[in-house]
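Peer 1: Here's my sequence, what's the structure:
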Amino acid sequence: MTAAVGPILSLTYKSRRRRGQYKYRTIRSIEGNSEFRILACVHSTRNAGGLVNLLASSSPTKESPIYAFAVHLVELIGHASAMLIVHDTCKTDTGGAGRDPREPDGIAEAFEDLEGENFSVQPLTAVSAYSTMHEDICSLAEDKHVTLTILPFHLHSTAEGGGAESSANDPFRAVNKNVLDNAPCSVAVFVDRGFSSRLPLGESNNGALRQFAMIFLGGRDDREALAYAWRMAKSPRVCLTVVRFMATKTVAEMSPNLNDDNSDMEDEEGGILKAIADSEREKPLDDQYIEEFKLKSRDNPSIRLIEEVADNGEEVVRLVSTADSRYDLYVVGRGNRVVSPLTSGLSNWSEYPELGPLGDILVCSSFAADASVLIVQQGVGSVDDQEGVGQVREEFGHMTWHPPEMNEASFAPFIHRRVRVTDDDVHL
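Peer 2: All right, here's what the predicted structure looks like:
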């Protein structure tokens, strides 16, 4: 009988109602001043390698260290209770003989190399039914106050270069959809196409660099995707190309008639006009963030910004597919509930609508068959972009960056605040 040194069984893990609501910070808001907490989910060791390299590319620093919770998702068999297993983070010498890589310890070992200065990892195993697995993921994200949850795409490439894919993990597609629909923090779906085998950042590789591309169409999700890509570009081994697409003036004026891709949203949210109004409100925030990006990255030779004008989604795809550069990773926003002429027509042949119009095109296209794709969605419970964000202003003939003004209710004196009372607070 072996000693229980590695995993420690925790309390049975069940989703539950929250007594309070945590305001999640966006990736943009934590930049350079606080811990970046990530919930990284894996189905098997096939997911682990690429995810490890993605996390290694996330540029931990002393000012903004990374704390990653690496969660192995396991289906609950039989009538046993759901549980969360917490693994020992200490490296142990198992002798390397006879270990099954599918075992939880094999998943935990895959993340051990990330441990180091400014990077902490906590391996976990979550055992639950597929039907409630998303609840456990969302609950764990809330318990750990994570900023970003990363999910592996449900399909595995059987060969590099866009070979046939296995459908063995189809139940995880429903899990991913449910997490995207319910997670209060930001969520990213990672489509790994050989990312684990391309230039590990811890090795010399004769100075070789990873080439990342971020396609910016506009909206909350795209700003969050740019924030993550920008953070990764701070690594000395990453070159980032940001391609911002803007609609021509004539097409932008015609955008209220673009309702072909959003009929479901029209029924659910009260009309296409509301969605268009929301998109119009996002544009100033897009412009502001792009100006900030230009200002702060202008002296970084590994970052470049390309601005393109397009009439529709088909033209966006054409311009992306004919780019001269070949990229290791595309980073895009999911574009959830965004009405834009830049995505018009793309949903007509969507195979994986949960990835968003551009994410679906990149995953299914032949021109990006060798590249991995990361689709980012800003959390529905995250603090809005307008809160705690500075501004670029023109002063004395040049652009300068101004930090946000402290104008929050928590800093105002002599204000009576309403307190939410729950049943647990009643003692009489």
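
Peer 1: Now do the same for D100: its pLDDT.
Peer 2: We have a pLDDT of 42 for D100.

Peer 1: scratch that, G397
Peer 2: Looking at G397, its pLDDT is 52.

Peer 1: Give me the contact list for the helix or strand harbouring L151.
Peer 2: Per DSSP states H and E, L151 falls inside strand 148-152. Here strand 148-152 makes contact (C-beta atoms under 8 Å, 6 or more residues apart in numbering) with 27, 36-43, 47, 51, 54, 137, 141, 172, 175-176, 179, 183, 185-190, 192, 228. All C-beta atoms are positioned from the backbone trio N, CA, C, and that covers glycine.

Peer 1: Narrow those to those in strands?
Peer 2: 36-42, 186-190 (DSSP state E).

Peer 1: Just among those, which is most surrounded?
Peer 2: S186 (30 neighbours; other C-beta atoms under 10 Å).

Peer 1: where are the low-confidence patches of the chain?
Peer 2: By pLDDT under 70, the low-scoring segments of the chain are 1-24, 31, 89-105, 157-169, 197-208, 250-279, 381-428.

Peer 1: in the stretch 301-428 of the chain, which spans are helices?
Peer 2: Using DSSP state H, counting those that start in this stretch, the helices of the stretch 301-428 of the chain run over residues 313-321, 356-364.

Peer 1: What residues of the last one count as buried?
Peer 2: Taking 16 or more other C-beta atoms under 10 Å as the neighbour-count basis, helix 356-364 is seen to contain the buried residues 356-363.

Peer 1: so A68 sits in a helix?
Peer 2: No. Judged by DSSP: H, G, I helix; E, B strand; the rest coil, A68 forms no part of a helix; its state is strand.

Peer 1: tell me which element the nearest residue to V376 once chain neighbours are set aside falls in.
Peer 2: Excluding the flanking residues, the one nearest V376 by C-beta to C-beta, 6 or more residues apart in numbering is A225, at 3.8 Å. Assigned by DSSP H and E, A225 belongs to helix 220-232.

Peer 1: how about the CA coordinates for that helix, as PDB?
Peer 2: What follows is helix 220-232, C-alpha atoms only, in PDB (Å, rounded to 0.1, in the frame of the first residue of the first chain):
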ATOM      1  CA  ARG A 220     -15.200  44.000 -25.700                       C
ATOM      2  CA  ASP A 221     -13.900  40.600 -26.700                       C
ATOM      3  CA  ASP A 222     -11.400  42.000 -29.100                       C
ATOM      4  CA  ARG A 223     -10.000  44.400 -26.600                       C
ATOM      5  CA  GLU A 224      -9.600  41.600 -24.100                       C
ATOM      6  CA  ALA A 225      -7.900  39.500 -26.800                       C
ATOM      7  CA  LEU A 226      -5.600  42.300 -27.600                       C
ATOM      8  CA  ALA A 227      -4.700  42.800 -23.900                       C
ATOM      9  CA  TYR A 228      -3.700  39.100 -23.700                       C
ATOM     10  CA  ALA A 229      -1.700  39.200 -26.900                       C
ATOM     11  CA  TRP A 230       0.000  42.400 -25.800                       C
ATOM     12  CA  ARG A 231       1.000  40.800 -22.500                       C
ATOM     13  CA  MET A 232       2.500  37.900 -24.400                       C
END
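
Peer 1: how many degrees apart are that helix and helix 356-364 in direction?
Peer 2: In terms of direction (axes from the mean of the first three to the mean of the last three C-alpha atoms, to 10 degrees), helix 220-232 departs from helix 356-364 by 50 degrees.

Peer 1: Check which helices and strands helix 220-232 sits against.
Peer 2: strand 210-216, strand 238-247, helix 272-297, strand 329-333, strand 372-377 (3 or more C-beta pairs under 8 Å, 6 or more residues apart in numbering; DSSP states H and E).

Peer 1: Between these, which one is closest to P341.
Peer 2: Taking C-beta to C-beta, strand 238-247 is the member of the helices and strands packed on helix 220-232 nearest to P341, at 4.6 Å.

Peer 1: Now do the closest one: which elements does it pack against?
Peer 2: Where contact means 3+ C-beta pairs under 8 Å, 6+ apart, strand 238-247 is packed against strand 210-216, helix 220-232, strand 303-310, helix 313-321.

Peer 1: could those go into CSV alongside mean neighbour count and distance to D88?
Peer 2: Output for those, formatted as CSV (neighbours: other C-beta atoms under 10 Å; distance: least, C-beta to C-beta, whole Å):
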stretch, mean neighbour count, distance to D88
strand 210-216, 24, 32
helix 220-232, 26, 29
strand 303-310, 16, 39
helix 313-321, 19, 45
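
Peer 1: Dump these to TSV, plus distance to P60.
Peer 2: Below are the helices and strands packed on strand 238-247 laid out as TSV (distance: least, C-beta to C-beta, whole Å):
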stretch	distance to P60
strand 210-216	16
helix 220-232	10
strand 303-310	19
helix 313-321	30
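
Peer 1: Identify whichever of these lies nearest to D328.
Peer 2: With C-beta to C-beta as the measure, strand 210-216 is the member of the helices and strands packed on strand 238-247 nearest D328 (4.9 Å).

Peer 1: Just the angle for that closest one relative to strand 238-247, thanks.
Peer 2: 20 degrees.

Peer 1: Just give the strands next to strand 210-216 in its sheet, each with its orientation.
Peer 2: Applying DSSP bridges, strand 210-216 is found paired with strand 238-247 (parallel), strand 329-333 (parallel).

Peer 1: so which of those strands is the most packed in?
Peer 2: strand 329-333 (a mean of 26; mean count of other C-beta atoms under 10 Å).

Peer 1: That strand vs strand 372-377, what angle?
Peer 2: With the same axes, to 10 degrees as the basis, strand 329-333 and strand 372-377 are set at 20 degrees to each other.

Peer 1: What lies in contact with strand 329-333?
Peer 2: With C-beta under 8 Å, 6+ apart as the contact definition, strand 329-333 has outside contacts at 54, 195, 210-217, 219-226, 228-229, 356, 358-359, 362, 368, 371-378.

Peer 1: Please identify which of the buried residues of helix 356-364 is nearest to V339.
Peer 2: Distance to V339, by C-beta to C-beta, is smallest for P357 among those, at 11.1 Å.

Peer 1: Skipping adjacent residues, who's closest to that closest one in space?
Peer 2: Per C-beta to C-beta, 6+ apart, closest to P357 is L346, 3.7 Å.

Peer 1: do the same with K283
Peer 2: G218 (6.5 Å).

Peer 1: cool, and A129?
Peer 2: Spatial nearest neighbour of A129, excluding adjacent residues (C-beta to C-beta, 6+ apart): L76 at 4.7 Å.
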